[in-house]
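*Asks:* give the three-dimensional model of this entry:
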Amino acid sequence: MHAIAAALAGAHEVHLVEGGRPVPRPVLPAEPERIVVPTLLRTPGGELVGATGEDAAAVLAARARVLAAAVTAIRPDVVLIDHYPFSKWELRDEIDAAVDAARAANAGVKVVCSLRDIAPQTRHEQVAATVYADEVARRLAERFDALLVHADPAWSRLADHFEAAAALALPVRATGYVVEPTLAPRDGELPAEPFVIASAGGLRATEFLAAVIRAHAQVVTTAPGMPRSLHVFAPAGADDTELGQLVDQAVSDHVVVHPFSTRFEAWLDAATVSVSRAGYNTCAASVRSPAAVVLVPDPRLSDQTLRARRFADAGVAISVESPDAAPPVEVLAAAMAAALVRRGVDPAGAPVPVAVDGAAVTVALLERLVAGEDPWVPEWQELSR
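*Replies:* Okay, here's the model as predicted:
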């Protein structure tokens, strides 16, 4: 959402709502204004709580008031909502408050759902699959004017993982993958020699990255062309203990542990091999990168396994699934070697084309929608045949 908001901010007044765990971001050429609402976090057990553990109901009510007041003052032409109603049902009251305020302030406002490439039902929507599909479709029909799917439909279509896609009553359009602008490397920032990078976020990220360090130590001696240099990027919020655990694993001088960095994509764009989880942002960025990609999806997250399989099917990544924090070291090492061999080509040996201009396409579509044009349904129907 930051990348989309920044792309829009090049020509429009844009306000980005922030109310989750703080994550450092790169400063982009144009930056949106921020609307800061009281923080909500999800505990390891899945419960929503305030920043200091307070009850979520009171925080949600406060967030709804802040959002409604901000939207009333701004009078937006577009309200772009991340992922809801495909997930985040717990945020319904604050989203409804923002939408109601927007429609009261500007009768012509367009309310648009912004959806990533893979959107299966999550463990937080605890209803039967048919009830879930019906409820998503109902909320879209009642509250939204359009749906943007940030994927290349040649790789991933909404109907592949949402059974009610064909019955949706609102316009749907694929945009291509959303990738942040390229970060030009700074003088002396990147190593002169080829290198491997590893990154991860979420629970047990340190355990996963430690396994990558051990796998690299094994494969660097057996795989021709495997760089001996490994740069490990810790997750956002990693403390000194977690960083120390990674440093303890880095027994070679050729392994460097970095704290979380907003410069990561500059490293990814220059890497020979990348090993990571299968979150949307990292996967989308890896499509642009020339790196050989190994994806190890987090088994706790509903979208990552499906996304990793799709990227593997397209031939741009090796996917390794494991119910644990990481697969066995020898399996991970073999995946790194295999990715290096088939880097940048599909299984038939051809270069892999993929649309990664999702931010620019999103800007154009929203501008056309506000202007009263209908750029949506015919193009989507053609793409989804």
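*Asks:* list the buried residues in the longest helix along the chain.
*Replies:* The longest helix of the chain (DSSP state H) is helix 56-74. Residues 56, 59-60, 63-64, 66-68, 70-71, 74 are the ones in helix 56-74 that count as buried (16 or more other C-beta atoms under 10 Å). All C-beta spots, glycine's among them, are computed from the backbone N, C-alpha and C.
*Asks:* swap in stretch 334-341?
*Replies:* For stretch 334-341, by 16+ other C-beta under 10 Å, it's 334-337, 339-340.
*Asks:* among those residues, name the ones in helices.
*Replies:* Those of the buried residues of stretch 334-341 lying in helices (DSSP H): 334-337, 339-340.
*Asks:* need the worst-confidence member of these.
*Replies:* By pLDDT, Leu340 ranks lowest within those, coming in at 90.
*Asks:* if we can go back for a sec, which one of the buried residues of helix 56-74 is nearest to Asp134?
*Replies:* The closest of the buried residues of helix 56-74 to Asp134 turns out to be Leu60 (C-beta to C-beta; 24.3 Å).
*Asks:* what about the stretch 1-150 of the chain, any weak spots by pLDDT?
*Replies:* Of all residues in the stretch 1-150 of the chain, none has pLDDT under 70.
*Asks:* ok, now the stretch 251-385 of the chain?
*Replies:* 343-352, 375-385.
*Asks:* of all the ones in helices among the buried residues of stretch 334-341, which comes closest to Ala210?
*Replies:* Ranked by distance to Ala210 (C-beta to C-beta), these are led by Met336 at 15.1 Å.
*Asks:* wait, what's in contact with the closest one?
*Replies:* Shown in contact with Met336 (C-beta atoms under 8 Å, 6 or more residues apart in numbering): 196, 215-216, 219, 223, 226, 273, 275, 292, 294, 318.
*Asks:* elements contacting the strand or helix carrying Val49?
*Replies:* In the assignment (DSSP states H and E), Val49 maps to strand 48-50. Where contact means 3 or more C-beta pairs under 8 Å, 6 or more residues apart in numbering; DSSP states H and E, strand 48-50 is packed against strand 40-42, helix 56-74.
*Asks:* out of these, nearest to Leu230?
*Replies:* Across the helices and strands packed on strand 48-50, Leu230 has its closest neighbour in strand 40-42 (31.1 Å, C-beta to C-beta).
*Asks:* list the buried residues for that closest one?
*Replies:* So, applying 16+ other C-beta under 10 Å, buried residues of strand 40-42: 40-41.
*Asks:* what do you get for stretch 144-158?
*Replies:* Quick answer for stretch 144-158 (16+ other C-beta under 10 Å): 144-153, 155-158.
*Asks:* now the residue nearest the centre of the chain: how far from Ala119?
*Replies:* Geometric centre of the chain, nearest residue: Tyr280, 3.0 Å, by C-alpha atoms, centre = their mean. For Tyr280, the distance to Ala119 equals 10 Å [C-beta to C-beta, to the nearest Å].
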